[in-house]
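# next one to model:
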Amino acid sequence: MPAMSLDRRHDMTRLEAFSDAVFAFALTLLVVSLEVPHTYHDLMNLVRGFVPFAACFSLLIWIWYEHSTFFTRYALHDRTAIVLNATLLFVVLFYVYPLKYVFTQLFAFLQPDARPPGGAVTPAELANIFVIYGAGFAAVFLVFAALYRHAWRRRDALGLTPIEAFDTRLAMRAQLVSAGIGTAAALWAIVAPRSYALVSISGFMYWLMGPVHAFHGRRARRQRDAFLKRVART
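Residues are numbered from 1 along each chain as shown. I've put the predicted structure just below:
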């Protein structure tokens, strides 16, 4: 998606400061869930958990970046923005521990010694894991889409130009694309026959983020260029 022209930097509000504190707390929960190693074996188990930890960390940083980008562009702190922001933070905090478990199971086939206690999961259990992850993934980006829709509805109060309002709609659509992939992955996990190979397709569906967003970005750029030409003629 083309970079939005909107960049209305402002002093950090209490809403943004509180949100940053919650994101920091979520990252802290990932760290404190790691026990201090007491033996060489414990140390090696901790090292093997590096990849799942890095994946969780990266996803949380991505969500934080999306959150920071939105509130940099739109100085919204009305009731609707507060409710949507609180919903997003609730989902992030609720999913911290399940997220780590999901990524640990996801990388367990590469690092069997890093698998959580309880042994290997069954195909049905793996399907439930992907449903939980997909639901959380979709929820996060649906909230972001709702935030962008709210900003677009408040475009006059925010003083958005026509192209800024158009970019806001494009950003909302990009968030819906991400939410759609999470939803599709969760639905596949629900309907897929209970075998490891078929259920695992749900996890690989997130690789679609790259090509689908690339297609959406090209389409959005064409629409944006066409909109700019229409605005120039008026």
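# pull the helix or strand with minimum mean pLDDT from the protein.
The weakest-scoring helix or strand in the chain, judged by mean pLDDT, DSSP states H and E, is helix 40-48 (a mean of 65).
# in the following helix or strand past it, what counts as buried?
Of the helices and strands lying after helix 40-48 in sequence (DSSP states H and E), the nearest is helix 50-73. The neighbour-count check on helix 50-73 (16 or more other C-beta atoms under 10 Å) flags 51-53, 55-56, 59-60, 63-64, 66-67, 70-71, 73 as buried. To be clear about C-beta, it is placed using only N, CA and C from the backbone, and glycine gets the same treatment.
# need the contact list for the most centrally placed residue in the chain.
Nearest to the geometric centre of the chain sits residue 63, at 4.9 Å (C-alpha atoms, centre = their mean). For residue 63, the contact set (C-beta atoms under 8 Å, 6 or more residues apart in numbering) comprises 23, 88, 92, 140.
# hang on, isn't the last one packed against residue 93?
Yep, that's residue 140 we're talking about. No - taking contacts as C-beta atoms under 8 Å, residue 140 lies outside contact range of residue 93: 11.7 Å.
# more neighbours, the two?
Higher neighbour count among residue 140 and residue 93: residue 140, with 24 against 14, using other C-beta atoms under 10 Å.
# which strands or helices does the strand or helix carrying that one pack on?
Using DSSP H and E, the element containing residue 140 is helix 123-153. For helix 123-153, the packing partners by 3 or more C-beta pairs under 8 Å, 6 or more residues apart in numbering; DSSP states H and E come out as helix 50-73, helix 79-94, helix 96-106, helix 162-191, helix 196-204.
# that one - what's its average pLDDT?
Average pLDDT, helix 123-153: 93.
# so that helix versus helix 50-73, what angle?
20 degrees (axes from the mean of the first three to the mean of the last three C-alpha atoms, to 10 degrees).
# for residue 216, see how far away the residue nearest to residue 99 when sequence neighbours are not counted is.
Closest residue to residue 99 in three dimensions, ignoring its sequence neighbours and counting by C-beta to C-beta, 6 or more residues apart in numbering: residue 56, at 5.3 Å. Note on residue 56: its distance to residue 216, by C-beta to C-beta, to the nearest Å, is 26 Å.
# state the pLDDT value of residue 168.
Residue 168 is given a pLDDT of 96.
# try the one 4 residues further on
For residue 172, the pLDDT comes out at 97.
# ok, residue 225 - how many residues close by?
Using other C-beta under 10 Å, residue 225 has 11 other residues around it.
# does it count as helix, strand or coil?
Recorded secondary structure, residue 225: helix (DSSP: H, G, I helix; E, B strand; the rest coil).
# again, but for residue 194
What three-state DSSP gives for residue 194 is coil.
# related to what we said a few turns ago, tell me which residues in the helix holding residue 140 are buried?
Going by neighbour count (16+ other C-beta under 10 Å), the buried part of helix 123-153 is 123, 126-127, 129-152.
# so which elements touch the next helix or strand after it?
The helix or strand immediately downstream of helix 123-153 is helix 155-158, counting by DSSP H and E. Where contact means 3+ C-beta pairs under 8 Å, 6+ apart, helix 155-158 is packed against helix 162-191.
# let's go with 10 Å and repeat that
If contacts are counted by 3 or more C-beta pairs under 10 Å, 6 or more residues apart in numbering; DSSP states H and E, helix 155-158 sits against helix 123-153, helix 162-191.
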